[in-house]
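Chemist: My questions are about this predicted structure, shown below with the sequence.
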Amino acid sequence: MKAIVYERYGPPDVLQFKDVEKPTPKDDEVLIKVYAASVNAYDWHFLTADIFLIRLMGGGLLKPKNTRLGADIAGRVEAVGRNAKQFQPGDEVFGDMAGHGNGSFAEYVSASESAFALKPANLSFDEAAAVPMAAVTALQGLRDEGQIHRGQKVLINGASGGVGTFAVQIAKSFGAEVTAVCSTRNLDQARSLGADHVIDYTKEDFTQSGQQYDLILAANGYHSLSAYKRALTPKGVYVMAGGSMAQIFEAMLLGSWMSKTGGKKMGGVSAKPNQEVLAFMKGLLEAGKVVPVIDRRYPLSETAEALRYLGEGHARGKVVITVEDRSSPGTGE
Ligand SMILES: NC(=O)c1ccc[n+]([C@@H]2O[C@H](COP(=O)([O-])OP(=O)(O)OC[C@H]3O[C@@H](n4cnc5c(N)ncnc54)[C@H](OP(=O)(O)O)[C@@H]3O)[C@@H](O)[C@H]2O)c1
């Protein structure tokens, strides 16, 4: 089968599109024929090892230990291992292979069935592959860390990328009043996703406006922790999902210390994909409360181009990899 393989850390040029052995499922695994995948900053970090911790935390000190990339996936179950009981051959699934060996940039994967859930019936494979990592980050940031509830004023900083486009819609589905922060060209997109208010970060710094929010999810864009704290209501919660290295270290080093005084909570989210969150997202997607926003699609052979585009930092929604030959039947398109 064809797969994307990398043998050294580096820019997308180090990716090779080559023949590798088709996997066979172990007892607790399912073999999936991949129809679509999508790219995330997660893949970028494993590709480039730009975060040195990746090398120390099992990624491989000098070169990648695991030569395969790709977390988000949508496809069809082709075979099931002896002890895998949840799925049948033919089932359409989506999932996140982070924590399950990665490798969704390929024609087939084999992984524990716990990585997958049934695909939302109303979504194409491309749309379903856009969901897992970005939507789970947004959902766990807003619901689990942020304790979002109806009527709250919620601000999403970086509302136009993968995480942000899901976060705006998920926050609306919880009945929040949502303010989306993005650049001029993305204001209409944010409104169309349901944002009640939009702020153009190229013209206005929301942390200086005097407005306060019950919950802030920071998906992109840097502000100091003290600026975020200022923009929170007295019992407000700040959740950092992503941003610059400075922002990540600040949140890790100072967040819990700053939460000790007063009622405001400063924290972060680290996405933990599981079947519960995938099923929760399936419900929102099937109810039409959330719709994946796809910016671009690239064939599997051009995964390097897709990652290069993502790495520029200005994707509008998700960047999808189409794996199956689109002319063949059963792609759900
Ligand atoms: N914590 C976790 O478990 C977890 C999981 C997934 C992702 N993440 C992190 O979350 C972050 C967002 O991921 P993503 O998939 O949404 O990334 P993305 O899709 O690559 O984000 C691109 C978007 O960010 C916007 N943006 C860039 N600079 C901005 C700024 N200064 N202010 C506001 N928006 C800005 C861009 O809009 P413009 O073109 O208008 O600038 C673009 O639409 C990344 O840092 C990623 O590493 C964390």
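Modeler: Done, it's in.

Chemist: Centre of the chain to stretch 199-206, how far?
Modeler: 24 Å (C-alpha atoms, centre = their mean, to the nearest Å).

Chemist: now stretch 52-61
Modeler: With C-alpha atoms, centre = their mean, you get 21 Å for stretch 52-61.

Chemist: Against which helices or strands is the helix or strand containing I199 packed?
Modeler: Per DSSP states H and E: I199 is located in strand 197-200. Helices and strands touching strand 197-200, by 3 or more C-beta pairs under 8 Å, 6 or more residues apart in numbering; DSSP states H and E, are strand 177-182, helix 187-192. To be clear about C-beta, it is placed using only N, CA and C from the backbone, and glycine gets the same treatment.

Chemist: And the ligand, is the first one touching that?
Modeler: Yes - contact of strand 177-182 with the ligand is found when judged by C-beta under 6 Å from any ligand atom, involving 181-182.

Chemist: name the helices or strands packed onto that strand?
Modeler: Using 3+ C-beta pairs under 8 Å, 6+ apart, strand 177-182 is in contact with strand 153-157, helix 162-173, helix 187-192, strand 197-200.

Chemist: Turn the ones you listed into CSV, columns for mean neighbour count, distance to the ligand and mean pLDDT.
Modeler: Output for those, formatted as CSV (neighbours: other C-beta atoms under 10 Å; distance: least, C-beta to the nearest ligand atom, whole Å; pLDDT from 0 to 100):
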stretch, mean neighbour count, distance to the ligand, mean pLDDT
strand 153-157, 28, 6, 98
helix 162-173, 29, 3, 98
helix 187-192, 17, 9, 98
strand 197-200, 18, 9, 98
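
Chemist: do you know which of these lies nearest N122?
Modeler: helix 162-173 (14.8 Å; C-beta to C-beta).

Chemist: What angle do strand 177-182 and the closest one make with each other?
Modeler: Regarding helix 162-173 and strand 177-182, their directions subtend 160 degrees when assessed with axes from the mean of the first three to the mean of the last three C-alpha atoms, to 10 degrees.

Chemist: ok, back up a step: each with direction, which strands does the strand holding I199 pair with?
Modeler: For strand 197-200, the paired strands and their directions (DSSP bridges) read strand 177-182 (parallel).

Chemist: The partner strand - what's its average pLDDT?
Modeler: Across strand 177-182, the average pLDDT comes to 98.

Chemist: Name the residues that touch it?
Modeler: Contacts of strand 177-182 with the rest of the structure, by C-beta atoms under 8 Å, 6 or more residues apart in numbering, involve 151-160, 164, 168, 171-172, 189-191, 193-201, 206, 211, 213, 221.

Chemist: hmm, 7 Å instead?
Modeler: Strand 177-182 is contacted from outside by 153-160, 168, 171-172, 190, 194-199, 201, 206, 213, 221, using C-beta atoms under 7 Å, 6 or more residues apart in numbering.

Chemist: hang on, the earlier thing: the helices and strands packed on strand 177-182: which one's closest to Y9?
Modeler: helix 162-173 (22.6 Å).

Chemist: Could you list the contact residues of this protein toward the ligand?
Modeler: So the chain meets the ligand at 40-42, 133-134, 137, 157-158, 160-164, 181-183, 186, 201, 219-221, 241-243, 269-271, 310, 313-316 (C-beta under 6 Å from any ligand atom).

Chemist: Repeat the analysis, applying 5 Å as the threshold.
Modeler: By the rule C-beta under 5 Å from any ligand atom, the part of the chain lying against the ligand is 41, 137, 158, 160-163, 183, 186, 201, 219-221, 241-242, 270-271, 314-315.

Chemist: Which elements pack onto the longest helix belonging to the chain?
Modeler: The longest helix of the chain (DSSP state H) is helix 245-259. On a contact count with 3 or more C-beta pairs under 7 Å, 6 or more residues apart in numbering; DSSP states H and E, helix 245-259 meets helix 225-230, strand 265-268.

Chemist: so who does the residue nearest the centre of the chain touch?
Modeler: Centroid-nearest residue in the chain, with C-alpha atoms, centre = their mean: A134, separated by 1.9 Å. Going by C-beta under 7 Å, 6+ apart, A134 touches 40, 162-163, 166, 318.

Chemist: how about it, secondary structure?
Modeler: helix (DSSP: H, G, I helix; E, B strand; the rest coil).

Chemist: same check, this time on the one 3 residues further on
Modeler: Reduced to three states with three-state DSSP, the structure at T137 is helix.

Chemist: Could you verify my assumption that it touches A241?
Modeler: Yes - if you go by C-beta atoms under 7 Å, T137 and A241 touch, sitting 5.3 Å apart.

Chemist: Neighbour count for these two, which is higher?
Modeler: Just comparing T137 and A241: by other C-beta atoms under 10 Å the higher neighbour count belongs to T137, 28 against 25.
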